[in-house]
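**Q** sharing a sequence plus its predicted fold:
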Amino acid sequence: MSDTSKRQLPSESGSLHVAKQRKSGSRPGSNDKHLGNIKVMVRVRPTGAKDAENIVKMPDNRTVVLEPKKSLSSKQFQFDRCFWSCNRDDPNYASQDDTYETLGREMLQNLLMGFNSCILAYGQTGSGKTYTMMGDNDGLIPKTCRELFTSTDALFEEHQVGVSVKVSFFEIYQEQVYDLLALSNHNPKLKIREGQDKSPFVDGLTHYKVESYEEVEKFLERGNSNRTTASTSMNMQSSRSHSVFTISVTQERFIDDTLTKCEQLTSHLRLVDLAGSERASATLGNTESPFKGNGNARFKEGSQINKSLTTLGRILTLLSQRKEQKNVMIPYRESALTWILKESIGGNSKTAMIACISPSDYDETLSTLRYATVTSQIENVASLGAGESTRTVDIDDVVQRYEVEKAKLLETLAKDDTKRRTLENYMRWNEEYLLGLSFRMKAQTRRHLKSAEFGDNCSAMLEQLYASMRRIMDNFNEQVALKVMEAESSLTEMTVDIQNGVSWDLVEKYGVF
Ligand SMILES: Nc1ncnc2c1ncn2[C@@H]1O[C@H](COP(=O)(O)OP(=O)(O)OP(=O)(O)O)[C@@H](O)[C@H]1O
């Protein structure tokens with residue numbers, strides 16, 4: 001018998017970023033729908049000292065698993081791509097660059113096009129999930145972040161699209177969500193809630209605005225060192241939790257000549273490193289795959305060890321059968337992981353799974369590949385410009401509303417003591433307002449510099465530039481004008497401070513009231 005899923009997904013390469021897409025007539029809100037199955041790729045890690053015979057082969061982009069001691073018995077699988085990383089000296093060795101070029105780059109393009117996207121790393125302990133996602137600063141996460149900043153610079157230079165980037169990092173351990181970027185004086189235990197549009201989010205999770213890879217790197221270091229790990233007999237640094245690193249990108253560009261109306265598009269890329277999958281089968285009390293046979297078998301519910309993984313397995317099976325069985329209730333809310341990944345698995349997202357396997361563990365490798373087969377049958381519909389991801393912002397309107405809001409907040413604060421929510425509201429307004437202004441200033445500067453490049457009278461240009469910047473600043477009070485000039489650094493600092501704990505010292509420090 002052979003498990004074979006022969007499916008070719010449409011190629012999605014090409015110039016995809018949102019600026020080009022919009023120029024060709026497609027606008028946010030037009031609800032472009034992209035149908036596509038979850039992409040599945042397999043990667044086999046190097047053979048280690050503890051590995052017995054190598055039972056995995058990858059001829060012609062197929063994955064063949066040989067039954068130990070029965071050389072003629074094998075199982076075959078076909079996915080979108082196989083990465084052979086068994087032996088570094090092998091000419092076919094799939095490096096970190098190869099996984100990025102094949103998977104990471106495309107996901108980054110999706111993100112910049114405005115699609116929500118997700119990569120899930122699945123596999124048993126020690127099969128190479130963390131190596132693939134994080135590596136030694138060369139995994140999918142660091143490489144994607146590095147290239148993101150190169151792309152955002154190009155978007156501004158070539159298309160005057162301003163991009164702001166935020167990152168967050170959390171883990172799910174024993175059904176509890178922990179903020180991996182929270183500092184020690186902050187309670188990191190968080191709850192999942194649903195927004196008005198019914199999409200789940202982690203309430204109180206810190207999101208940091210980042211402007212360079214170096215900044216991201218610091219957060220990755222902090223997050224990784226906070227991650228729950230423990231040694232097991234299989235892997236000395238075994239992750240017992242699922243980690244989710246999210247890159248949120250907001251793109252904006254002016255849609256009028258007076259630089260007043262700004263169009264914004266927000267999208268997220270989730271990079272998920274799941275806990276070792278053998279924990280799921282261990283909860284069954286045996287090593288049988290839940291997907292063995294016709295694929296209908298289900299994980300037992302109520303696993304105390306890793307409810308999230310068992311629920312994920314059940315949900316993947318249900319989703320893969322969605323075409324035949326319409327109106328099936330998908331129990332996303334039964335575990336923290338599946339609830340938070342609701343859109344990524346079977347919803348509005350371009351999603352890929354990288355199934356990591358060991359070269360010598362027959363049962364676990366088969367289990368992973370069957371899991372991957374089920375996943376590859378799931379169809380997602382990714383929409384561009386759906387829900388609250390796009391909006392048009394009138395900067396003058398924001399400024400006006402800001403002034404009203406600020407007056408209200410001042411009144412509340414004059415009457416009351418420290419109010420976290422009040423300050424948070426203030427920060428939200430402040431940030432939106434200043435981001436809009438700084439982007440407007442950048443766009444204005446850019447226009448003038450562009451003309452200057454054509455060899456016009458430079459000093460006249462500079463004067464003009466000065467005058468236009470002054471005009472923008474003159475519209476606002478002195479404090480705000482100063483803030484505009486230092487918007488980028490001060491906003492990051494203020495956000496970090498607010499997230500680290502609100503105190504009246506902040507009010508004094510920034511003198512914003
Ligand atoms: N493709 C690869 N090339 C080189 N080394 C690898 C590769 N994949 C995994 N390794 C090495 O194998 C070991 C186990 O990998 P890793 O920690 O990434 O596994 P894991 O699946 O994340 O395990 P866990 O679920 O326990 O966290 C590490 O020492 C890692 O460096």
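**A** Sure, I can see it. Note that the structure is predicted; figures quoted are calculated from it, not measured.
**Q** use CA for all of it now, contacts and neighbours both
**A** Noted.
**Q** does any part of stretch 153-171 sit near the ligand?
**A** No - no part of stretch 153-171 sits near the ligand under the criterion CA under 6 Å from any ligand atom; the closest distance found is 12.6 Å.
**Q** and the contacts of that stretch?
**A** Identification of contacts with stretch 153-171 by CA atoms under 8 Å, 6 or more residues apart in numbering yields 19, 152, 177-181, 205-211, 216, 223, 227, 241-254, 439, 443.
**Q** can you give me the buried ones in it?
**A** Neighbour-count burial for stretch 153-171, counted by 16 or more other CA atoms under 10 Å, picks out 155-156, 160-171.
**Q** next, format those residues as a markdown table and append pLDDT.
**A** Shown next, in a markdown table, are those (pLDDT from 0 to 100):
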| residue | pLDDT |
| --- | --- |
| Leu155 | 83 |
| Phe156 | 75 |
| Gln160 | 74 |
| Val161 | 81 |
| Gly162 | 79 |
| Val163 | 85 |
| Ser164 | 84 |
| Val165 | 91 |
| Lys166 | 91 |
| Val167 | 95 |
| Ser168 | 95 |
| Phe169 | 95 |
| Phe170 | 94 |
| Glu171 | 91 |
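**Q** what's the nearest residue to Val56 once chain neighbours are set aside sitting at in phi/psi?
**A** Distances taken as CA to CA, 6 or more residues apart in numbering place Val65 nearest to Val56, at 4.7 Å, with adjacent residues excluded. Phi and psi for Val65, reported as degrees, to the nearest 10, are phi -110, psi 120.
**Q** related to what we said a few turns ago, out of the buried residues of stretch 153-171, which comes closest to the ligand?
**A** Nearest to the ligand among the buried residues of stretch 153-171, counting by CA to the nearest ligand atom, is Glu171 at 12.6 Å.
**Q** residues from the protein in reach of the ligand?
**A** Residues of the chain lying close to the ligand by CA under 6 Å from any ligand atom are 45-46, 85, 124-131, 235, 238-239, 275-276.
**Q** Ile141 and Leu269, how far apart?
**A** 10 Å (CA to CA, to the nearest Å).
**Q** so which of the two has more stuff around it?
**A** Using other CA atoms under 10 Å as the criterion, Ile141 and Leu269 rank with Leu269 on top: 28 against 25.
**Q** which residues in the stretch 51-200 of the chain form strands?
**A** 56-57, 62-66, 74-78, 81-84, 117-123, 162-173, 176-179, 189-194, 200-203 (DSSP state E, counting those that start in this stretch).
**Q** so which of the ones you listed is the most packed in?
**A** Ranked by mean neighbour count, the strands of the stretch 51-200 of the chain are led by strand 117-123 with a mean of 26 (mean count of other CA atoms under 10 Å).
**Q** what's the average pLDDT for stretch 142-151?
**A** For stretch 142-151, mean pLDDT is 94.
**Q** state the pLDDT value of the residue nearest to Val56.
**A** pLDDT for Val65: 93.
**Q** list the contacts of it.
**A** With CA under 8 Å, 6+ apart, Val65 has these contacts: 55-57, 74-76, 362, 366.
**Q** and for Ile192?
**A** If you count contacts by CA under 8 Å, 6+ apart, Ile192 has them with 177, 200-203, 336, 340.
**Q** save these as CSV, and put in pLDDT too.
**A** Below are these laid out as CSV (pLDDT from 0 to 100):
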residue, pLDDT
Val177, 92
Pro200, 92
Phe201, 92
Val202, 93
Asp203, 89
Ala336, 93
Ile340, 95
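**Q** what about the stretch 301-450 of the chain, any weak spots by pLDDT?
**A** Along the stretch 301-450 of the chain, the model assigns pLDDT under 70 to residues 301-306, 385-391, 393-450.
**Q** for the ligand, what's the nearest residue on it?
**A** Counting by CA to the nearest ligand atom, the stretch 301-450 of the chain gets nearest the ligand through Cys356, at 6.9 Å.
**Q** who's in contact with that residue?
**A** Per CA under 8 Å, 6+ apart, neighbours of Cys356: 42-45, 121-124, 127-129, 368.
**Q** filter the residues you listed to the buried ones?
**A** When the contacts of Cys356 are checked for burial by 16+ other CA under 10 Å, the buried set is 42-45, 121-124, 127-129, 368.
**Q** surely Arg333 and Leu312 touch.
**A** No - using CA atoms under 8 Å, Arg333 is not in contact with Leu312, being 10.6 Å away.
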